[in-house]
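**Q** Make a model of this:
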Amino acid sequence: MSVLMLATIGGTVSFMSTSLGSVLTQVFTKTSSLNNLHMSMDFTLGVMLSAAAFLIAPELASNVSLGLLGLALGIISIILLHNTIHNLSHGENKSSYLLIAALIFHNFPEGMGAGASLAGMEWSTALSLQTAIAVQNIFEGMVLTLLLISLDVKIKWAVIGGIFSGVIELGGGILAGLLLEQTLATLPFLLSLAGGAMMGSVVLEIWETRKINPAQFIMGSALIPIMNYFLP
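**A** Prediction:
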């Protein structure tokens, strides 16, 4: 199977899992409180931080310069986006706009990471990352859709917005495949870029809220190491 096809499959898995979370929101908003569903973001943040570490660490070991460049660009891009949205947003919904922007924007490098990991990493590591990112994306799709609903967006359009954010991940996976087809030397940069963007999103979200549910965050952080241990 070609590198482009593998990367596209990785991006497609991310797209479908995010879309599934958005669609499931229609069910859970009828059976659960929105506050309980919002708490899933703490679990998502834990998974994102764990995934970022697994994306970045091997690439820093294999190519320090490209790994550090990707990591720095990923973090800087999220910080710049955060500051831009922060300056443009006003009123009591500012934090919601900031989180929505961060979730949508980091989906592109996250899709690149999902595609690049499947196309260029060892199968055992790639499988655990793909599974964990997919699980995280389900919660991420739910949270994004709920945030849109909280801004008085009709649920149909909120779900469409969540699905659109998944399309961005697919685009990231395809781009990663196209770049890797030219040379696999870009792998450390792509994975570190994705990890940096995810890490930046986690740090900024914790900084903004200044409070998380420790149990859910720890459970999310432990997901990838556990999967990496048990999956073949």
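**Q** Could you list the low-pLDDT ranges of this protein?
**A** The chain contains residues with pLDDT under 70 at 28-40, 59, 89-94, 209-210, 231-232.
**Q** All the strands of the protein, in order from the start?
**A** Assigned by DSSP state E, the chain shows no strands.
**Q** Glu205 against Leu103, yeah?
**A** No: using C-beta atoms under 8 Å, Glu205 is not in contact with Leu103; the gap is 9.2 Å. The way it works is simple: take the backbone N, C-alpha and C, and place the C-beta from them, glycine included.
**Q** I'd like to know how far Phe189 sits from Ala102.
**A** 22 Å (C-beta to C-beta, to the nearest Å).
**Q** Thought Leu170 was touching Thr12, still the case?
**A** Yes: contact criterion C-beta under 8 Å: Thr12 and Leu170 qualify, at 5.9 Å.
**Q** neighbour count winner among the two?
**A** Remark: of Thr12 and Leu170, Leu170 carries more neighbours, 24 against 19, as counted by other C-beta atoms under 10 Å.
**Q** okay, now Ile9: neighbour count?
**A** Applying other C-beta under 10 Å, we find 18 residues neighbouring Ile9.
**Q** for it, what are its contacts?
**A** The contact partners of Ile9, by C-beta atoms under 8 Å, 6 or more residues apart in numbering, come to Gly115, Leu118, Gly173.
**Q** Could you check how far it is from Ser95?
**A** In this view, Ile9 and Ser95 are 35 Å apart by C-beta to C-beta.
**Q** same question, Phe139
**A** Going from Phe139 to Ser95 by C-beta to C-beta gives 18 Å.
**Q** Looking at the two, which has the bigger crowd around it?
**A** Between Phe139 and Ser95, counted using other C-beta under 10 Å, Phe139 has the larger neighbour count: 24 against 14.
**Q** For the more buried one, which residues are in contact?
**A** Residues counted as contacts of Phe139 (C-beta under 8 Å, 6+ apart) are Gly21, Ser40, Met41, Phe43, Thr44, Val47.
**Q** Which of the residues you listed sits closest to Val143?
**A** Closest approach to Val143 among the contacts of Phe139 (C-beta to C-beta): Met41, at 4.9 Å.
**Q** Can you give me the separation between that closest one and Ala197?
**A** Distance, Met41 to Ala197, by C-beta to C-beta: 17 Å.
**Q** Have a look at the two and say which one is more surrounded.
**A** Using other C-beta under 10 Å, the more surrounded residue of Met41 and Ala197 is Ala197, with 31 against 26.
**Q** Hmm, the more buried one is touching Ile76, no?
**A** No: the criterion here is C-beta under 8 Å, and Ala197 misses it with Ile76 at 9.5 Å.
**Q** Next one: Thr18 from Leu71, what distance?
**A** Separation of Thr18 from Leu71 (C-beta to C-beta): 24 Å.
**Q** Apologies, that question was intended for Phe43.
**A** Going from Phe43 to Leu71 by C-beta to C-beta gives 24 Å.
**Q** Neighbour count: these two, which is higher?
**A** Comparing Phe43 with Leu71 by neighbour count (other C-beta under 10 Å), the higher total belongs to Leu71, at 26 against 23.
**Q** Tell me where this protein has helices.
**A** Taking DSSP state H as the test, the helices found in the chain are 3-31, 34-38, 40-62, 64-88, 94-120, 123-150, 155-182, 187-209, 214-230.
**Q** Tell me the helices and strands packed up against the third one.
**A** This means helix 40-62. Counting contacts by 3 or more C-beta pairs under 8 Å, 6 or more residues apart in numbering; DSSP states H and E, helix 40-62 packs against helix 64-88, helix 94-120, helix 123-150, helix 187-209, helix 214-230.
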